[in-house]
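Q: Structure for the following, please:
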Amino acid sequence: MLLYLCFVGFAVALVSAHTMAVPPHVFAPQPTKYLGRWVYLTYWSNVTGVMYYSASLLDTSGKWRQPLLDLFPLMFAVGCFLTLAYYGLDHFNVEVIRQKERCRSEYPYVHLAAHLEHGHALPLVLLHAFALDVSGLQVPDSYLYTSAVLYILCFILCYLLTIHLNRIWTGSWTYSVIDDVTHAYGNVGRFGFFFTLAAAFVVFGIVGLHFVVRAAQQQG
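A: Numbers count the residues shown, from 1 in each chain. As a prediction, this is how the structure comes out:
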């Protein structure tokens, strides 16, 4: 039942992005000129959630349990970051609020869509973390020697590479907060911001891996 709830939560986020949110070519035409919604970490995260929980539900034979467990720290990091970063960096950003207000007459559910795309990711992955079933699976003795961090770094570095390439192609950063940091602290500040973003992903992933190890200890 929990896996169904997680799947539905991330699926609702994707549906709201396509039905209630302002289309990217209207909300931010320049940075979304070539890649559309794929420039947004939110979209990457919700697609990842749908794929992860779809695989979990389709795995009736259990042959994917081990790889899905190995990827759980990445899923946990994605869910944590999606909610915390949105409400910490984007939701209250003045420019983002202005953009939404300019579009609200034509897209009246723009604010609701934003909450549906971000708000429940953290609660869902936390619920999953506390209900992990690792019986019969291989669990690392220490999270310092696991591929989990590698998966997380690959995910976030691929995203950072994408938005840097998009910046070259379009001349615009994806998020207003990046422009705010650049204007305030220059290129060094922007590099620090991206480093902090990647580090936060890794930290969240290690917390997720801690839940895996904890479940193994309790069920062992």
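Q: Could you check how far Q30 is from V134?
A: Q30 is 46 Å from V134, where distance means C-beta to C-beta, to the nearest Å. Every C-beta, even on glycine, is put in place using the N, C-alpha and C of the backbone.
Q: So for the two, which residue has more residues nearby?
A: V134 (21 against 10; other C-beta atoms under 10 Å).
Q: That one: what's it in contact with?
A: 69, 212, 215-216, 219 (C-beta atoms under 8 Å, 6 or more residues apart in numbering).
Q: same for the worst-scoring helix or strand of the chain on mean pLDDT, what does it pack against?
A: Among the helices and strands of the chain, helix 94-103 carries the lowest confidence by mean pLDDT, DSSP states H and E, at a mean of 83. Helix 94-103 sits against helix 24-27, helix 110-118, helix 176-219, with contacts defined as 3 or more C-beta pairs under 8 Å, 6 or more residues apart in numbering; DSSP states H and E.
Q: Sketch out the low-pLDDT regions of this protein for me.
A: Residues of the chain meeting the criterion pLDDT under 70: 140-146, 220.
Q: switch to 50 and redo it
A: 144 (pLDDT under 50).
Q: Can you give me every residue that contacts P24?
A: P24 neighbours (C-beta under 8 Å, 6+ apart): 32, 36-37, 39-40.
Q: Where neighbours are concerned, which of these has the most?
A: V39 leads those on contacts (other C-beta under 10 Å) with 26 neighbours.
Q: how close does that one get to P31?
A: In terms of C-beta to C-beta, V39 sits 6 Å off from P31.
Q: again, but for R98
A: For R98 relative to P31 (C-beta to C-beta), the value is 16 Å.
Q: do I152 as well
A: 25 Å.
Q: what about these two, which has more around it?
A: The residue with more neighbours, out of I152 and P31, is I152; 26 against 23, by other C-beta under 10 Å.
Q: P73 is in contact with the more buried one, correct?
A: Yes: I152 lies in contact with P73 (C-beta atoms under 8 Å); the separation is 6.5 Å.
Q: okay, and the common contacts of those two?
A: Joint contacts of I152 and P73 (C-beta under 8 Å, 6+ apart) are G205.
Q: Any idea how many residues pack against H120?
A: H120 is flanked by 21 other residues according to other C-beta under 10 Å.
Q: contacting residues around it?
A: 9, 13, 83.
Q: hmm, back to that, quick one, which of the helices and strands packed on helix 94-103 gets closest to F92.
A: Closest approach to F92 among the helices and strands packed on helix 94-103 is made by helix 176-219 (10.4 Å; C-beta to C-beta).
Q: Now do the closest one: which elements does it pack against?
A: Packed next to helix 176-219, using 3+ C-beta pairs under 8 Å, 6+ apart, are helix 65-85, helix 94-103, helix 121-130, helix 148-170.
Q: Recalculate using a threshold of 7 Å.
A: Packing contacts for helix 176-219, counted by 3 or more C-beta pairs under 7 Å, 6 or more residues apart in numbering; DSSP states H and E, involve helix 65-85, helix 148-170.
Q: any chance of those in JSON lines, plus distance to P123?
A: Converted to JSON lines, these look like this (distance: least, C-beta to C-beta, whole Å):
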{"stretch": "helix 65-85", "distance to P123": "8"}
{"stretch": "helix 148-170", "distance to P123": "20"}
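Q: Point out the most buried one among those.
A: Ranked by mean neighbour count, the helices and strands packed on helix 176-219 are led by helix 65-85 with a mean of 22 (mean count of other C-beta atoms under 10 Å).
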